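In: How does the following fold in three dimensions:
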Amino acid sequence: MMMQIQESDRVTQKSQTPRTPPVTSTSETEGPAPANARPGPGPARQQQQQPGKPGPGGPQAKGPGPAKGPQAVAGEGAPAQPDSPQPAQPKPQASPAAVPPPAPAARAKTRHWLVLVSFFLMVAAPAGGASWYLWRVAVDQYASTVAFSVRREEASSAVETLIGITGISGSSSTDTDILYEFLQSQRLVAEMDEEVDLRGKWSKPEGDPIFTFDSPGSIEDLVDYWGRMVKIYYDSGAGLLEIRVQAFEAEDATLIAETLFDKSAEMINELSDIAREDAIRYARDELEGAVERLKVAREAVTQFRNTHQLVDPSVDMQTQAGLLGNLQAQLAEALIEVDILSESTGVNDPRMAQARRRVEVIQARIADERRKLGQGEQSVTGEVFADLVGEYERLTVDREFAENTYTSAMAAYDAALAEARRKSRYLAAHVKPTMAETARYPDRPQIILLLSLFLFLTWVTVMLVVYSIRDRR
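Out: Just a heads-up that it's a prediction; the model follows:
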């Protein structure tokens, strides 16, 4: 077909070429003009001269007769007129080549018919078959749209609240990127299949093997089909996610979209819990260690008190010291009384014996109290108050240190927990799952247009390759 068009154009160009009429060269009988003669008027003017009249610049002849040429006039002795016009000598022109006869009308050849057949087989037939399938066999699909974003709410501190700065809500691009990958994961597809039976809903129509899902397919096949029926549009700049879910019934599409939104919210909550756990893990570990240390210290103090039957040895120590001081004062009074009696009475006086006995009893009591305090010269092998007080003070120091550590750890834990609560993530839906009323998919005109364009470009490429190979031969 293309070769026929080229041959027709070539014939048309040849037929439109103008023909040049042949020019016959005229031989002049007269000799060449003199060198000083100027060209005169053309041959037309010479033909208009009547016989018997001289040419321009020559003498007038008497009677009829042929006009004399320039040489004759010059030969008669007449003065030559250099300004008189002379006839120009025409140059001989070659006759043009003969025009070839017009080419015969082009006729269709075998290769032209093959091009037409190839166009039908490669473009027209597939496009027609696809059109028939889309409008006669393909089942209508309904779409449900849901759009949301991941938001991060940062609560204001007490100082910010006082100066009028409230919590700022912003989007988290990192969390949105994670959610975008999660929406295409096999884990989500498996969970959705268990909850809403994706295989059953996407394999309901019969007789449409191209647009429906083969229910016995594997999980990998279901993930691939998920990518066809669930379109995810992600605006990374604004952090917005829009999801279009397709199904063969409007209710199924809406149910899948709602379940997908719930699964996404659960995923964001898990991310928030993980971030909160990471923020308070170290503080919680420190708090648990401080609690254990405080518990051990308090148990040691309790065991000491139960063993020695003492609530606070330091208090008992002060009591014993006061008792010892009181005994020493009584001893001083008894010694004074003995001295007074020894001056006024005899040795055998019963009052003297009683006073001395009182002194001995007081001294014995003082010795016992000193042994209890560890100040005696001959203390018993048992524990004394000084050792008990020292041990108790050590236990008290350990307990106080554990209490201080616990207080610091508790404050750090509370601060970490408050910081974690300030940075909370949640899923905010600005377009909730919609309910479709009209089936808009598959987009039949668009599919046919793209398929036809692809087939036509493929056919043109094949024809160019074939004719280029043919021209090389």
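In: May I see the buried residues of stretch 112-126?
Out: Neighbour-count burial for stretch 112-126 flags 112, 115, 119, 122, 123, 126 (criterion: 16 or more other C-beta atoms under 10 Å). Backbone N, C-alpha and C define where each C-beta goes, glycine included.
In: Same list, those residues, but as JSON lines with pLDDT please.
Out: Listed next are the buried residues of stretch 112-126 as JSON lines, based on pLDDT from 0 to 100:
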{"residue": "112", "pLDDT": "80"}
{"residue": "115", "pLDDT": "87"}
{"residue": "119", "pLDDT": "92"}
{"residue": "122", "pLDDT": "91"}
{"residue": "123", "pLDDT": "93"}
{"residue": "126", "pLDDT": "93"}
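In: Dump these into a markdown table; add secondary structure as well.
Out: Listed next are the buried residues of stretch 112-126 as a markdown table, based on DSSP: H, G, I helix; E, B strand; the rest coil:
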| residue | secondary structure |
| --- | --- |
| 112 | helix |
| 115 | helix |
| 119 | helix |
| 122 | helix |
| 123 | helix |
| 126 | helix |
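In: Identify each buried residue in the helix or strand where residue 469 lies, please.
Out: Residue 469 belongs to helix 444-472 when assigned by DSSP states H and E. Neighbour-count burial for helix 444-472, counted by 16+ other C-beta under 10 Å, picks out 448, 451, 452, 455, 459, 463.
In: same deal with stretch 262-273?
Out: Under the neighbour-count criterion of 16+ other C-beta under 10 Å, stretch 262-273 has 263, 264, 265, 267, 268, 271, 272 buried.
In: just stretch 360-369 next, same as before
Out: Buried, per 16+ other C-beta under 10 Å, within stretch 360-369: 362, 365, 366, 369.
In: okay if I get those as a markdown table plus secondary structure, distance to residue 434 and pLDDT?
Out: Output for the buried residues of stretch 360-369, formatted as a markdown table (DSSP: H, G, I helix; E, B strand; the rest coil; distance: C-beta to C-beta, whole Å; pLDDT from 0 to 100):
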| residue | secondary structure | distance to residue 434 | pLDDT |
| --- | --- | --- | --- |
| 362 | helix | 103 | 86 |
| 365 | helix | 99 | 83 |
| 366 | helix | 99 | 83 |
| 369 | helix | 94 | 74 |
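In: A strand includes residue 145, no?
Out: Yes - using three-state DSSP, the assignment for residue 145 is a strand.
In: Start the count at 743 instead of 1 going forward.
Out: Sure, I'll start counting at 743 from here, so that last one is residue 887.
In: That one reaches residue 988, doesn't it?
Out: No - when contacts are counted by C-beta atoms under 8 Å, residue 887 is not listed as touching residue 988 (10.3 Å).
In: Neighbour count: the two, which is higher?
Out: A count of neighbours by other C-beta atoms under 10 Å puts residue 988 above the other of residue 887 and residue 988, at 22 against 18.
In: before we move on, back to that, can you put the buried residues of stretch 1102-1111 in CSV and add distance to residue 1157?
Out: CSV is the format used below for these (distance: C-beta to C-beta, whole Å):
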residue, distance to residue 1157
1104, 62
1107, 59
1108, 58
1111, 53
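In: ok, so of the residues you listed, who is nearest residue 920?
Out: residue 1111 (76.6 Å; C-beta to C-beta).
In: Apart from its chain neighbours, what residue comes closest to the closest one?
Out: residue 1066 (4.6 Å; C-beta to C-beta, 6 or more residues apart in numbering).
In: Can you tell me the element that neighbour falls in?
Out: Per DSSP H and E: residue 1066 is located in helix 1055-1086.
In: How far away from the center of its chain is that helix?
Out: Helix 1055-1086 sits 92 Å away from the centroid of its parent chain (C-alpha atoms, centre = their mean, to the nearest Å).
In: buried sites along it?
Out: 1055, 1058-1059, 1062, 1066, 1069, 1072-1073, 1076-1077, 1079-1080, 1083.
In: Considering the residues you listed, which is situated nearest to residue 958?
Out: Among the buried residues of helix 1055-1086, residue 1055 lies closest to residue 958 (C-beta to C-beta), at 83.0 Å.
In: State the distance from that closest one to residue 1067.
Out: 18 Å (C-beta to C-beta, to the nearest Å).
In: related to what we said a few turns ago, including pLDDT, could the buried residues of stretch 1004-1015 go into JSON lines?
Out: Formatted as JSON lines, those follow (pLDDT from 0 to 100):
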{"residue": "1005", "pLDDT": "92"}
{"residue": "1006", "pLDDT": "92"}
{"residue": "1007", "pLDDT": "92"}
{"residue": "1009", "pLDDT": "90"}
{"residue": "1010", "pLDDT": "90"}
{"residue": "1013", "pLDDT": "85"}
{"residue": "1014", "pLDDT": "84"}
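In: Among those, which one sits closest to residue 847?
Out: residue 1006 (71.7 Å).
In: did I read that right, the closest one in a helix?
Out: Yes - assessed with three-state DSSP, residue 1006 lies in a helix.
In: can you pull the contacts of it?
Out: 890, 921, 924, 925, 1169 (C-beta atoms under 8 Å, 6 or more residues apart in numbering).
In: Sort out for me which of those are in helices.
Out: Among those, the members falling in helices (DSSP state H) are 921, 924.
In: Check the nearest residue to residue 949 once chain neighbours are set aside and give its pLDDT.
Out: Distance criterion C-beta to C-beta, 6+ apart; nearest residue to residue 949, sequence neighbours excluded, is residue 879 at 6.4 Å. On the pLDDT scale, residue 879 is placed at 88.
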